[in-house]
Structures are given as C-alpha cells and as structure tokens.
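[1] A predicted structure for the sequence below; I have some questions about it.
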Protein chains: 2
Amino acid sequence: MHRVRVAVAEGVLDANETIARANREDFDRAGVTVINLMSAPGAGKTALLERAIEAGLGEARIGVLEGDVQGSLDADRIAHLHVPVVQLNTDPGFGGECHLDANMVRSAIPEIPLDEIDLLAIENVGNLVCPAEFRVGEDARAMVCSVAEGEDKPLKYPLMFRSCDLICVNKIDLLPHIEFDLELLLANIETVNPEATVLTTSARSGEGVEAWVQWLAALAAA
Amino acid sequence: MHRVRVAVAEGVLDANETIARANREDFDRAGVTVINLMSAPGAGKTALLERAIEAGLGEARIGVLEGDVQGSLDADRIAHLHVPVVQLNTDPGFGGECHLDANMVRSAIPEIPLDEIDLLAIENVGNLVCPAEFRVGEDARAMVCSVAEGEDKPLKYPLMFRSCDLICVNKIDLLPHIEFDLELLLANIETVNPEATVLTTSARSGEGVEAWVQWLAALAAA
C-alpha cells in the first residue's frame, strides 16, 4: 500500500500562510508586484505614498489597498491622486483587528483592478507588532520609522524591523528640533537587520524622496 | 426543583474581564490605585512618567509595571529614579503579543510590592488598537498622543481615545516646527470622547507637566 504522510498545518499563522500563498499566486498571474507598507501610527506611510504617486514610478502603474481599523481618511487622500484605491476596514466584519492578515487582503482582491496596475501598495494598520507576523502575499516589505518616535524602536519592536527589506527613517526635517541621535538609530537598525536597505526621508521637505521613489520603481520593474 | 441559570461566559474577552476583576480585588485589598497608560510607540509615556516621578505625587508612593514586547529599556530608565519597577515582556512566554491583558498583569502581581506603593502605573505596549480592548484591573486609563502623529488619530483609532479618562497631547514643543492644527486634533478628540480630560504637555520643555502630575496625584489620593 502506498502511503502519503501529510503534516497537518496548525494554528492561525499556518492558515495565514496558506492564504498568503493563494494571494501571491493571484498577484503573480496578474503580473502585479506587491509591497506591504508598515509603521507605527502617524509615521508617514500615506505621505510617502503620495509623494511616490506624484513623482510617478517610470512606466509602472500603482494601485493602493488601504488598511485601517475604521474610516477611509487615507484612501480619500490617495483617491485625490487618481490612482485605484480600495479601503479595507478591520473593524466592521473583522472585530477591530490591529493588523491586516492574508484572509482580509484576499477578501479585497476582487475589488482591486489587478489588470490595470503593475504595483500594489498595501498600507497596513499603524502598529509595530502584529502586522509583521502576518504575510499577506507580498513580494517585499517596507516600513516607515519617524525620528519623533525615538532611537530605541528597533530594539523594542525587533520583528518588525527585522522583517522589512526597506526601512525609511522619515520626518528628518524635524532633526534640528528634537533630541535625537540619528547614528544611534541607524546602529540599532543595523543590530536587528543588517540586510535592510535604509533611507532617510522627509515627505514634507522632499529630502530622500527620490531614493524612495527609485526603490519602489525598481521593485515594480523587477 | 430550584433552577439557577448561569450564562456561560464566552470568548477571550470574557475570560479577560474575569481575571481583570480578580486583579482589581487584589489592588483594592492593598489600597493601590492603578492607571493603565497607553499610546502609539514613541509618544512619550515613559518620559511623562519620569517627569511625574521626579516631581513627586504629594504623599503618594508610585510603582511602575513596564509592558514591552522585548527588552527592559523603559524599566531601566524608571529604575534610575529609585521607585519599584517590574518588567513584563509579551514575547518570551506570551508569543509576542501587541498588548497587555489581565492574565499577563496577574502573572506580574506577585513581583510588585503592593504594600509599599499607593499608585501603580502600568505602561502598556505601544499600540493604539488592542491595548484598549483589554482591561487589566485598572481604576483609570490615560493615553499619550504625540502631535508628530497627525490630527487624524482619534478618528482612525476611536476605541483607544474613547476608552481613556485622560488624554495627554504631548510633544507640543514641536508645534512651531510641524504642519499641525492643534484645534483640529482637539475637535477630533471631542468628537470621539467629549468626557475626557485633555492636557497639552511637553515632557521635554516641561510645559503642562504640572497639570499631568496634579491629575495623577488626585487619582492616587481618591
């Protein structure tokens, strides 16, 4: 008798991985590259996305999936820039979750015009813990870390910093006005994730935005 | 036959409520008032606690329970001020949770010298979502909201803002250096929680710290 042994997938994170792979297959079939964009609340994810959309990503067409507990404030901002945007709320229907998971993203896929875009930016719920634990089918992960949050965040939230390919140290226009040791933050990032690409940016002054846009354009073209 | 109908408590939040009540009974027996202090990462919870400890709370003796995913950076800061401090990590043993729950706090109670303090400040994990969903046995809730996070946070994280007795709008020393409409933030807070006491503070410049310390002292004396 031929026997096949199948290991039973266990727990919520295994189920999430299964669904994330299904999402990834859908994105791959449509030829869409996906970035999972994460940060603490108010670090500047939406503002950096706005700057990238305004600058354009070469030939790549971008769409945005906005994840929020409630409301559509960020989706409204992005919609003003005339790119496809879908709002995903984690409160009604999902119970006020602090992160996006693969199944929530899966529920939004039918609403996203995958044939009309090359890059899908998924803006996660503002949170430095759980979003890092749930793959949603992305090709790459980026996070935004505001200098106003202090130098210690990589050490306090290491999984988030470790799981990202790109880390944007944002709001550097504030550096003259705060007690902040940029070298210490960069050293703390190096400690938890020496492989990450690290950019210093200011969505407000525009400093470093060109490098962020180039990174996104290269990801979309890859 | 005498019948008693007992409604079965359901789910993780009901279990949390049961344990939170047990914590509260322990705190009440010891005569300790408990405040649950919450915020996004890097908003200034620890800095405001440091200022309050330095200023003193009248006759009230304070102790601190520090909640973090990993590490003891904040507990080390508080320990320098010579008050009792206990570190609670949500990663080893609790699986990297993004919030404190009543059972985690319960596991720390034997380490806290309740007989030597009048006020216990529980500094929650930096997160604007899940900490608001889990009572831990506190008498009051306070949150810190940094002006660097933008004016929209009460609308995006309404449960957190709604569940707090006190909201400290912190880092107001940055107001001259950012594009920020303080009146809009205050109006957004009023929309989601008209009952809250709202203070504007800067742990760095000291502005508003006296009002924060008086609020804490009054809570401890109540």
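    Received it, and whenever you're ready, just let me know what you need.
[2] so residue A:67 sits right up against residue A:123, yeah?
    Yes - the pair residue A:67 and residue A:123 passes the contact test of Cβ atoms under 8 Å, sitting 5.9 Å apart. (Each C-beta comes from the backbone N, C-alpha and C, glycine too.)
[3] Pairing-wise in the sheet, spell out the partners of the most centrally placed residue in chain A.
    What sits nearest the mean C-alpha location of chain A, by Cα atoms, centre = their mean, is residue A:37, with 1.0 Å. Going by DSSP bridges, residue A:37 is paired in beta bridges with residue A:123, residue A:142.
[4] Surely it and residue A:126 touch.
    No - Residue A:37 is not in contact with residue A:126 according to Cβ under 8 Å; the separation is 10.6 Å.
[5] what do the two both touch?
    Residues touching both residue A:37 and residue A:126 (Cβ atoms under 8 Å, 6 or more residues apart in numbering or on different chains) are residue A:45.
[6] For the longest helix that chain A contains, which helices and strands make contact with it?
    Counting by DSSP state H, the longest helix found in chain A is helix A:11-30. Counting contacts by 3 or more Cβ pairs under 8 Å, 6 or more residues apart in numbering or on different chains; DSSP states H and E, helix A:11-30 is packed against strand A:33-39, helix A:102-108.
[7] still on that earlier bit, show me the contacts for the residue nearest to the centre of chain A.
    With the criterion set at Cβ under 8 Å, 6+ apart, residue A:37 makes contact with A:45, A:49, A:121-124, A:141-144.
[8] Identify the farthest-apart pair in those.
    Pairwise distances across the contacts of residue A:37 (Cβ to Cβ) peak at 14.7 Å, for the pair A:49 and A:141.
[9] Those two: which is more packed in?
    residue A:49 (27 against 23; other Cβ atoms under 10 Å in any protein chain shown).
[10] what about that one, helix or strand, and which?
    According to DSSP states H and E, residue A:49 maps onto helix A:45-55.
[11] now the helix or strand that that helix is followed by: how far from the chain's centre is it?
    The helix or strand immediately downstream of helix A:45-55 is strand A:62-68, counting by DSSP H and E. In this view, strand A:62-68 has its centroid 9 Å away from the chain centroid, taken as Cα atoms, centre = their mean, to the nearest Å.
[12] could you dump strand A:62-68 to PDB, C-alpha only?
    Extracted in PDB, the C-alpha atoms of strand A:62-68 (Å, rounded to 0.1, in the frame of the first residue of the first chain):
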ATOM      1  CA  ILE A  62       0.400  51.800  -9.000                       C
ATOM      2  CA  GLY A  63      -2.700  50.800  -7.000                       C
ATOM      3  CA  VAL A  64      -3.200  51.100  -3.300                       C
ATOM      4  CA  LEU A  65      -5.000  48.900  -0.700                       C
ATOM      5  CA  GLU A  66      -5.600  51.000   2.400                       C
ATOM      6  CA  GLY A  67      -5.900  49.100   5.700                       C
ATOM      7  CA  ASP A  68      -7.400  50.900   8.700                       C
END
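[13] quick one: buried residues of the longest helix of chain A?
    Neighbour counts over helix A:11-30 (16 or more other Cβ atoms under 10 Å in any protein chain shown) mark A:16, A:19-20, A:23-24, A:26-27, A:30 as buried.
[14] Quick one: name the residues of chain A near chain B.
    Taking Cβ under 8 Å from any Cβ of the partner chain as the measure of proximity, chain A contacts chain B at A:40-42, A:68-71, A:73, A:96-98, A:125-130, A:133, A:146, A:148-150, A:152-153, A:155-159, A:171, A:174, A:176-179, A:204.
[15] Narrow the residues you listed to just the buried residues.
    For the residues of chain A next to chain B, a neighbour count by 16+ other Cβ under 10 Å gives the buried set as A:40-42, A:68-69, A:71, A:96-98, A:125-130, A:133, A:146, A:148-150, A:152-153, A:155-159, A:171, A:174, A:178, A:204.
[16] hang on, the earlier thing: rebuild the contacts of residue A:37 as CSV, extending it with distance to residue A:58 and pLDDT.
    Shown next, in CSV, are those (distance: Cβ to Cβ, whole Å; pLDDT from 0 to 100):
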residue, distance to residue A:58, pLDDT
A:45, 21, 98
A:49, 16, 98
A:121, 15, 98
A:122, 20, 98
A:123, 21, 98
A:124, 25, 98
A:141, 21, 98
A:142, 18, 98
A:143, 23, 98
A:144, 22, 98
